[in-house]
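Just need the structure, nothing else, for what follows:
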Amino acid sequence: METNIIDTIKNTIYTIPGIASFANYLIDSYDVVTDDVTKAVEISIFENIYKVKLHLVLFNGVNIKDVLSEVQSRLKYELEKKYNFKNNFIIDVVVDDLK
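Sure, this is the predicted structure:
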């Protein structure tokens, strides 16, 4: 199930303008940019509620609030649609850097 969530995140995020890349939350350095989605996503499960914490790098100059709102709403919809609206998803988005 987690691989399906990761694939959906990967396919959805690349369609949202303002996102430079995923951010690797596992390292503590100045360069957190990564193409590996598994290093940018934290997933926790409680009953049928999935909490997804997504770490991103945004382009400098974008409206952060608008981009994060778009990521949350679009990702929540795509994930719930994939599972026929039988599971609930809580999406948290973290901006780790600006590029």
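
Can you tell me the SS state at residue 54?
Secondary structure assignment for residue 54 (DSSP: H, G, I helix; E, B strand; the rest coil): strand.

Could you check how many residues crowd around it?
Residue 54 has 23 neighbours, counted by other Cβ atoms under 10 Å. The C-beta positions use only the backbone N, C-alpha and C, and glycine is treated the same way.

can you list contacts of stretch 69-82?
4-5, 8-9, 11-13, 15-16, 18-19, 50, 52, 54, 56, 87-89, 91, 93 (Cβ atoms under 8 Å, 6 or more residues apart in numbering).

Buried residues, that stretch. List them.
Residues 70, 71, 72, 75, 76, 78, 79 are the ones in stretch 69-82 that count as buried (16 or more other Cβ atoms under 10 Å).

Can you give me the distance of the first one to residue 26?
As for residue 70, its distance to residue 26 is 25 Å (criterion: Cβ to Cβ, to the nearest Å).

what's the next secondary structure element after the biggest helix by length in the chain?
Assignment by DSSP state H gives helix 64-82 as the longest helix of the chain. On the C-terminal side of helix 64-82, the closest following helix or strand by DSSP states H and E is strand 88-98.

ok, now which ones touch the residue nearest the centre of the chain?
Centroid check for the chain by Cα atoms, centre = their mean gives residue 54 as the closest residue, at 3.5 Å. Each residue near residue 54 by Cβ under 8 Å, 6+ apart is listed here: 9, 13, 22, 40, 41, 71, 75, 91, 92, 93, 94.
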